[in-house]
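take this sequence and fold it.
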Amino acid sequence: MYSYGTFGRRLRLRRLNRTPDQRLFVVPLDHSITIGPVTPNGGLNSLVRTISANGADAIVLHKGTLRQVDHAVFADTALIVHLNASTVHASDPDAKYLVASVEEAVSAGADAVSVHVNIGSPAESQQVADLATVARDCDRWSVPLLAMMYPRGPQIDSGDADLIVHAATVATDLGADFVKLPLPTRLDEVTDIVARCPVPALFAGGARREGGEGVVGHVRTVMRAGAAGVAIGRNIFQSTDVAATTRAVAAAVHENKDTTPRLDRLAMEPVGG
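Prediction:
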């Protein structure tokens, strides 16, 4: 039987994976609830426009943030709406909680949604349950799900490759289409993690690196190990040259992709600063 649900999910996945190599460069900008504004003086629209124009495939934002951003930016860049959050000021910053729904994301025009889960945290049970709920709603609304899975909590070795694979397996078993994972302590274990991960694996940018060359070297190492892509936030939006760093990372992810800046997007009038 023909399924419009399957059609809708495939259509959105096609928007995410629009390049022939099927690799994905995601820039998460969902940090604002956790740590505060990611740009000074309300300049989020300019930041998003620059990231989009210089080669990012998708950008992660919270639902309310979309009011500050020109929708035209997403003509050629996929939108992922993040559904849960926490702040660094909480008694347990690792306890993520839902702040938006799949239905709200669909209404906002999202191509996908994302959820962050900390495996091993004291609040793990609620986060895993929330992931399952979101996955069910993604099936209902035909929306791809990016699960950001981190081994994180008391007595947890966040760089342990087996724990990272376990976290990815949890996401896959509950319905995630692709996962964002932290780097293992030993980078030579990335290949093994990718091989054992049932769905496409994107790797986080890791610790803040000074200078674009360190970021690009990291990305090349991960991609050569077989990763489906990267999801890099701080090393992009905290870069001294966001445009150049974004272009360099895009080139490292998509070796043959034209990363010439899209001047039409750079020239758009700002919205909300």
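
low-confidence ranges, this protein, go.
In the predicted model, the chain carries pLDDT under 70 at residues 1-5, 42, 209-212, 256-273.

what segments of it are helices?
With DSSP state H as the criterion, the chain has helices at 4-16, 31-35, 44-53, 102-107, 124-141, 161-174, 190-196, 212-224, 234-237, 242-253, 263-266.

in CSV: these, plus mean neighbour count.
From N, CA and C alone the C-beta is placed, and that goes for glycine too. Output for these, formatted as CSV (neighbours: other C-beta atoms under 10 Å):
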stretch, mean neighbour count
helix 4-16, 15
helix 31-35, 16
helix 44-53, 23
helix 102-107, 18
helix 124-141, 18
helix 161-174, 20
helix 190-196, 17
helix 212-224, 18
helix 234-237, 22
helix 242-253, 22
helix 263-266, 14
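
now these in TSV, with distance to residue 87?
Below are the helices of the chain laid out as TSV (distance: least, C-beta to C-beta, whole Å):
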stretch	distance to residue 87
helix 4-16	28
helix 31-35	6
helix 44-53	18
helix 102-107	20
helix 124-141	15
helix 161-174	22
helix 190-196	30
helix 212-224	26
helix 234-237	16
helix 242-253	24
helix 263-266	32
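
of all these, which lies closest to residue 23?
Residue 23 sits nearest to helix 242-253 of all those, at 5.2 Å, using C-beta to C-beta.

output the contacting helices and strands for the closest one.
Packing contacts for helix 242-253, counted by 3 or more C-beta pairs under 8 Å, 6 or more residues apart in numbering; DSSP states H and E, involve strand 24-28, helix 44-53, helix 212-224, strand 229-231, helix 234-237.

could you find the closest non-adjacent residue to residue 44?
Distances taken as C-beta to C-beta, 6 or more residues apart in numbering place residue 68 nearest to residue 44, at 5.0 Å, with adjacent residues excluded.

nearest to residue 78, out of the helices of the chain?
Residue 78 sits nearest to helix 4-16 of all the helices of the chain, at 4.8 Å, using C-beta to C-beta.

I'd say residue 31 and residue 235 touch.
No - if you go by C-beta atoms under 8 Å, residue 31 and residue 235 don't touch, sitting 11.8 Å apart.

hmm, back to that, turn the helices and strands packed on helix 242-253 into TSV, columns for distance to residue 198.
What follows is the helices and strands packed on helix 242-253, written out as TSV (distance: least, C-beta to C-beta, whole Å):
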stretch	distance to residue 198
strand 24-28	17
helix 44-53	30
helix 212-224	19
strand 229-231	16
helix 234-237	27
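
which one of the ones you listed lies closest to residue 126?
Nearest to residue 126, of all these, is strand 24-28, at 21.6 Å by C-beta to C-beta.

so what are the sheet partners of that closest one and their directions?
strand 58-61 (parallel), strand 229-231 (parallel) (DSSP bridges).

nearest to residue 133, of these?
Taking C-beta to C-beta, strand 58-61 is the member of the strands paired with strand 24-28 nearest to residue 133, at 19.3 Å.

what's the separation between residue 235 and residue 52?
Separation of residue 235 from residue 52 (C-beta to C-beta, to the nearest Å) stands at 17 Å.

next: residue 36.
Noted for residue 36: a distance of 23 Å to residue 52, by C-beta to C-beta.

who's in contact with residue 202?
Listed by C-beta atoms under 8 Å, 6 or more residues apart in numbering, the contact set of residue 202 reads 24, 26, 146, 178-181, 227-231.

for residue 188, state which of these is nearest.
For the contacts of residue 202, the residue nearest residue 188 by C-beta to C-beta is residue 227; the value is 13.4 Å.

quickly list what the nearest residue to residue 16 once chain neighbours are set aside is bridged to.
Nearest residue to residue 16, sequence neighbours excluded (C-beta to C-beta, 6+ apart): residue 78, at 4.8 Å. In this entry, residue 78 is beta-bridged to residue 58, by DSSP bridges.
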